[in-house]
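Undergrad: return a 3D structure for these sequence lines:
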Amino acid sequence: MSKDLQKSAKNGLTKSKTGKIDFATFSIDTFAKTMATTALPRLFYQLVVFVLDGSGSMTYPGMSGKSKGEEIENAVKEVLERLLNSKNKNSFDLSIWGYANESVRISNITPVESFNLIQTINPCDFIKKYDGTNLITTLNSVKTECQDYLKINRSKNAQALIVILSDGALDEYEETSKLCNKIKELDNISVSTIFYESKTWQENYNVQDIEVLKKNMENLASYSSLFTSTLDPEEIRKHMIKSISTVSKID
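TA: Predicted coordinates:
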């Protein structure tokens, strides 16, 4: 070993008089501690906007026996936990909206790593007028939110994903579809859609009616792979993760 006097840095690494690190004294424990305190740079700016149906039918029991609103809340939170465990967690921002007869902002744009997972995000807890399923007002607000986000981050690698969920027929569908098409034409904004099927619909609608509802929701998505139709909240969770991964271009 060099006869130069050795000095220990605050992080436990040893430096010689020349200022070079002496790796002979470098331990795995020290390396782990150093990496744990090293913040990874933000690689991209991905806004994910959940737009959740809070109409009266979302209070009906789902597959688990809990209300569909609760099932969706749990699915979204599991997605957020997945993102929190991602090496790119600091690259995601989150916004949540609820809609029925009214439009409600459930959460302002928040970095995923700062989001409080304890708070309720069940859309039914925020909607007071719930005997309709009007998406237009909310979609206009979300459009503006995404445009503002992309404008603020225009010099960065930024994009937005809108995840729309409904468990039934949307009011004023034609107008909703036209608005959604305008959003999909905007640069760096994608739309994912979920038709949350229901045993109630299966019992009271004929097959043709259900297929029309599914097709309507699929047509709102940017492309077919960003659409799913299912009764299972676990499959909804998987679809959300897949959609975010696809748009964000990460594994």
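
Undergrad: avg pLDDT for stretch 178-185?
TA: Average pLDDT, stretch 178-185: 97.

Undergrad: what does that stretch contact?
TA: Applying CB atoms under 8 Å, 6 or more residues apart in numbering, the set of residues contacting stretch 178-185 from outside is Ile136, Leu139, Asn140, Val142, Lys143, Cys146, Ile162, Ile189, Ser190, Val191, Leu220, Ser222. For the C-beta atoms, the positions are set from N, CA and C on the backbone; glycine is no exception.

Undergrad: just flag the most distant two among these.
TA: By the measure CB to CB, Ile136 and Ser190 form the most distant pair in the contacts of stretch 178-185, at 19.5 Å.

Undergrad: quick revisit: neighbour-wise, which of the contacts of stretch 178-185 leads?
TA: The most crowded member of the contacts of stretch 178-185 is Ile162, carrying 30 neighbours; neighbours defined as other CB atoms under 10 Å.

Undergrad: pretty sure it sits in a strand.
TA: Yes. Checked against DSSP: H, G, I helix; E, B strand; the rest coil, Ile162 lies within a strand.

Undergrad: what residues of stretch 230-250 count as buried?
TA: 231-233, 236-240, 243-244, 246-248 (16 or more other CB atoms under 10 Å).

Undergrad: ok, of these, which one's closest to Glu70?
TA: Pro233 (9.2 Å).

Undergrad: residues near the closest residue to that closest one other than its chain neighbours, how many?
TA: Counting by CB to CB, 6 or more residues apart in numbering, Glu71 is the residue found nearest to Pro233 once chain neighbours are left out, at 4.0 Å. By other CB under 10 Å, 23 other residues sit near Glu71.

Undergrad: so Glu71, which of the three states?
TA: helix.

Undergrad: residues in contact with it?
TA: Counting by CB under 8 Å, 6+ apart, Glu71 touches Gly62, Met63, Ser64, Pro233.

Undergrad: also Ile250?
TA: With CB under 8 Å, 6+ apart, Ile250 has these contacts: Ser86, Asn88.

Undergrad: where's it relative to Ser95, distance?
TA: 19 Å (CB to CB, to the nearest Å).

Undergrad: same check, this time on Glu211
TA: 31 Å.

Undergrad: the more surrounded of these two?
TA: For Glu211 versus Ser95, neighbours defined as other CB under 10 Å are more numerous around Ser95 (22 against 12).

Undergrad: all set, thanks.
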